[in-house]
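Trainee: Provide a 3D model corresponding to the input given below.
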Amino acid sequence: MPNTSDRSNQTPTAKTGKIIKPSKPITPIRQRLMVTWLVWLTFRLLALPILINVFNISSPDIVGGIAWQALWLVPAFILTPSILRGRSPYALLIDSMFTLVYLGASGVVLFTRAYGSSWAEIAVYFIDFVLLFAINVWLFILLKRLPSMNNVVK
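Mentor: This next block holds a predicted model:
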């Protein structure tokens, strides 16, 4: 007797009779990615320099920190439209590569600040790392749910 539990989430197509699995929803992941991306951009551009000014003993300049972060985020600002749309697998793949570079740099900063910095300052860099990690997770899930790039529809 065939196992019907394996086929419970599969539906046959009308013309071919082949069984296909229904695709998972893309919209919730796209929305999570969009919100996380905007939170990270705002955090990195404004909150990080302000919080580092508050928690660091040397009180670095806030305006200089915002200018430095704006310069550092130029590639992220360029990627923002494709991340907010979240439709093109090619663009999201490139976005994923850039965000992995940001994640690596954030991790390096986190580990270099772990020695000799206050716990509050380490927490600020940890939040940045966690936000970037979440962005990369949402990008990975979204890329898995989007249609395949190598299946050309005829």
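Trainee: SS state for residue 150?
Mentor: Under DSSP: H, G, I helix; E, B strand; the rest coil, the three-state class of residue 150 is coil.
Trainee: That one: neighbouring residues, count only.
Mentor: Using other C-beta atoms under 10 Å, residue 150 has 5 other residues around it. For glycine as for every other residue, the C-beta is placed from the backbone atoms N, C-alpha and C.
Trainee: same question, residue 106
Mentor: Using other C-beta under 10 Å, residue 106 has 22 neighbouring residues.
Trainee: Next, the contact list for it, please.
Mentor: Residue 106 makes contact with 125, 128, 129, 132, according to C-beta atoms under 8 Å, 6 or more residues apart in numbering.
Trainee: The residue nearest to it when sequence neighbours are not counted and residue 123, how far apart?
Mentor: In space, and not counting its chain neighbours, residue 106 is closest to residue 129: 4.7 Å by C-beta to C-beta, 6 or more residues apart in numbering. Noted for residue 129: a distance of 10 Å to residue 123, by C-beta to C-beta, to the nearest Å.
Trainee: So for those two, which residue has more residues nearby?
Mentor: Applying other C-beta under 10 Å to residue 129 and residue 123 shows that residue 129 carries more neighbours, namely 19 against 13.
Trainee: which residues touch the more buried one?
Mentor: Taking C-beta under 8 Å, 6+ apart as the criterion, residue 129 is in contact with 103, 106, 107, 110.
Trainee: Neighbour-wise, give me the winner out of these.
Mentor: With neighbours defined as other C-beta under 10 Å, the most crowded of those is residue 106; it has 22 neighbours.
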